[in-house]
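>>> coords below, sequence missing:
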Ligand SMILES: NC(=O)C1=CN([C@@H]2O[C@H](COP(=O)(O)OP(=O)(O)OC[C@H]3O[C@@H](n4cnc5c(N)ncnc54)[C@H](OP(=O)(O)O)[C@@H]3O)[C@@H](O)[C@H]2O)C=CC1
Ligand SMILES: O=C1O[C@H](COP(=O)(O)O)[C@@H](O)[C@H](O)[C@H]1O
C-alpha cells in the first residue's frame, strides 16, 4: 500500500480485543499497517477487554499469513496498551483516559456485540473521552431489523456526530470492490453501456465454503440475510447500480448508493415465493471431507429455522435499471469460495451469422471479487480458417490482478478501512440512512418468510444451494453462472 505521506499520530482504542474479529482480522491488519510504515511513531493501540491477556504473539502467529518480522513486532508491541474493563460498567472508563494521549485524536473501535455500543458511548462520554476529533468505528450488523438498528444508532448519535461515525462493511475495503468504481467510471466502454439498453441481467454471487465457524450463538439469531445480504451484498449491488457520483467524496458516493437502496422493489408476502428462496445446509462433503449439517454444528439447537443460504431476484425501480433483474445468492458450505459479479449483456437485435447456424452468445463481464481477483470479458471472435462460413467462438479477455499488478500486495480489507478511519475519510463507510434503507427492504422479506410459516429448504453442504434457487432463475429463462 503506497502512500505519499504517513498519517499523523492517532490512538486506536479497541473494545473487544480478545474477540474473534480483533484477533483474526484487526490485530493482523494493524501489524501490516505498522510494517508498511503507515502508523505514526506516536500512535498507540489500546486493547480493552474484561480480562488482561498478552496474546499478541500467539494471535499474529495464528492469523498472519507470513511469519512476523521481529523488528516490526517489537515496534508493534511497544505501541500496545491494555485496559481491563467491563463495558457495561459505565462509571469505570477513566482508565481509558489514562491510557490514551490527550493531545492525539482517537479512534474507538467497537468490536463487540452491538448491544454494548450504547454503554460504551455512555462510559466514554461520562469520562470526558469524546472530543470533536474523536471517531468511532462500529461493526455490522447494526441491529437485527430497522427498529433495533435505529435504537442502536440513536444511542451512538447521542454522543457522536455522523461525521465522527464509521460504520464498517468490510466488503467496501476490498481492493476489488473499490475497483468497481474504477471499472465503471474510468472506462468509457463500460460507462456508456451500463443500463437497461445494453444489460440483460446481473448476478451477484457470494459463496462461502466455511460453515458458521463456531459462531452459532451469533449466527443463529442473524442468518444469512442479516449476516451477508443486508450489508455486503446490498453494498456491492449499490456500487454496481448507482449513478455516477459527482466526485469521490464520501457523501457524493453515499448519496448515490442510498438512491439505489431506496429504489429496490419491495418483496412482500404477495411475491416472496416467486423471487426469494432460503435454505439451510445438511451434512455433506467439501473437498472430499465430510462436514456436519447446520443442525449438528457445535452448540446447535435442534429445530432452528435460520437460513444459511439466500437467493433473491432484486428489481430496481428506476430509469437505468427498468426490466433488468439483479439475481443475488449467498450461502455457507457451498462448493467453493467465490465472490463475483456477472454482467450479462443483451443479445444483439439482429444476427447476420444466422445463415451459418451460428447462435450469438451474449457478452459477459465477469468481475471476480475474490479469490483469483480479476476481470474477464467474454467476446465472440472468428475462429481462424478458410471455410466460407464464418465460425464464431466465445473467447475470454482475462485480466488477473496477480499478473497485471505483480509487484503490488493486495491488502486485507481491514487494513484499508482502519487506515481510512484513522485519516478521517468516510468514503468506504456506510451512512446511517443507507443502513436504514437496507434494513427496510430486508425486514419486509424476513417478515414475509416468518408469516409464511415455511421452513428453509435443505441443501447438501458442498452443493450450490436448494433446487428452488435454480428454479428461481430458470423460470425467467436464465441460469446461474457456474
Ligand atoms: N468475527 C467476525 O468474523 C465478524 C464479526 N463482526 C462483528 O464484530 C463484532 C465482534 O464480533 P466477534 O469478535 O466475532 O465477537 P466475540 O464474541 O468473539 O468478541 C466480542 C468480545 O467482546 C467482549 N465482551 C462482551 N461483553 C463484554 C463486556 N460486558 N465487557 C467487556 N468485554 C465484553 C468479549 O469478551 P469475553 O471474551 O470476555 O466474553 C469478546 O472478547 C460483532 O458486532 C460482530 O457482529 C462482523 C464481521 C465479521
Ligand atoms: O461479515 C461476514 O463476512 C464473512 C465473509 O467475509 P469474506 O471477506 O471472507 O468474504 C462471513 O463468513 C461472516 O459470516 C460474516 O459475518
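Right, received. Where do you want to start? Predicted, not measured: the structure shown is a model, and the values here were computed from it. Residues are numbered from 1 along each chain as shown. Ligands and ions are numbered 1, 2, ... in the order given.

>>> what secondary structure does residue 8 sit in?
coil (DSSP: H, G, I helix; E, B strand; the rest coil).

>>> for the stretch 201-350 of the chain, what lies in contact range of ligand 2?
Within the stretch 201-350 of the chain, the positions near ligand 2 by C-beta under 6 Å from any ligand atom are 208, 210, 227, 339. (Glycine included, C-beta is placed from N, CA and C.)

>>> can you rerun that using 5 Å?
Neighbours of ligand 2 within the stretch 201-350 of the chain, by C-beta under 5 Å from any ligand atom: residue 227.

>>> for ligand 2, what's its nearest residue on the stretch 201-350 of the chain.
The stretch 201-350 of the chain approaches ligand 2 most closely through residue 227 (4.8 Å), counting by C-beta to the nearest ligand atom.

>>> who's in contact with that residue?
141, 219 (C-beta atoms under 8 Å, 6 or more residues apart in numbering).

>>> going forward, count from 146.
Renumbered: residue one is now 146, and that last one reads residue 372.

>>> that's a strand at it, yeah?
No. Applying three-state DSSP, one finds residue 372 to be helix, outside a strand.

>>> confidence score at it?
At residue 372, the predicted lDDT confidence score is 96.

>>> roughly how far does it sit from residue 463?
Between residue 372 and residue 463 the distance is 27 Å, computed by C-beta to C-beta, to the nearest Å.

>>> just say helix, strand or coil for the residue lying farthest from the centre of the chain.
Residue farthest from the centre of the chain, counting by C-alpha atoms, centre = their mean, is residue 533 at 50.7 Å. Three-state call for residue 533 (three-state DSSP): coil.

>>> do I have it right that residue 178 meets residue 564?
Yes. Using C-beta atoms under 8 Å, residue 178 makes contact with residue 564 at a distance of 6.0 Å.

>>> now the chain, which segments are flagged as low pLDDT?
146-151 (pLDDT under 70).

>>> dump the residue contacts of the residue in the chain positioned nearest to ligand 1.
Nearest residue of the chain to ligand 1 (C-beta to the nearest ligand atom) works out as residue 164 at 2.2 Å. Residue 164 sits next to 256, 257 when contact means C-beta under 8 Å, 6+ apart.

>>> kindly report the same for the one 10 residues further on.
Residues in contact with residue 174 (C-beta under 8 Å, 6+ apart) are 557, 559, 560, 563.

>>> swap in residue 171?
Residues in contact with residue 171 (C-beta under 8 Å, 6+ apart) are 159, 254, 256, 559, 563.

>>> make it 10 Å
157, 159, 161-162, 164, 190, 192, 204, 208, 254, 256, 282, 284, 559-560, 562-563 (C-beta atoms under 10 Å, 6 or more residues apart in numbering).

>>> am I right that it is in a helix?
Yes. Counting by three-state DSSP, residue 171 is located in a helix.

>>> near ligand 2 at all, stretch 506-514?
No. Using C-beta under 5 Å from any ligand atom, stretch 506-514 stays clear of ligand 2, coming no nearer than 8.4 Å.

>>> give me the buried positions along stretch 347-358.
For stretch 347-358, burial by neighbour count (16 or more other C-beta atoms under 10 Å) applies to 347, 348, 349, 350, 351, 352, 353, 354, 356, 357.

>>> for residue 390, see how far away the first one is.
Using C-beta to C-beta, one gets 19 Å for the distance from residue 347 to residue 390.

>>> now do the fourth one
Counting by C-beta to C-beta, the gap from residue 350 to residue 390 is 26 Å.

>>> and residue 335, its phi and psi?
Main-chain dihedrals, residue 335, degrees, to the nearest 10: phi -90, psi -40.

>>> now render the buried residues of stretch 347-358 as CSV, adding secondary structure.
CSV is the format used below for the buried residues of stretch 347-358 (three-state DSSP):
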residue, secondary structure
347, strand
348, strand
349, strand
350, strand
351, strand
352, strand
353, coil
354, coil
356, coil
357, coil
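
>>> looking at those residues, which one is closest to residue 431?
residue 354 (6.0 Å; C-beta to C-beta).
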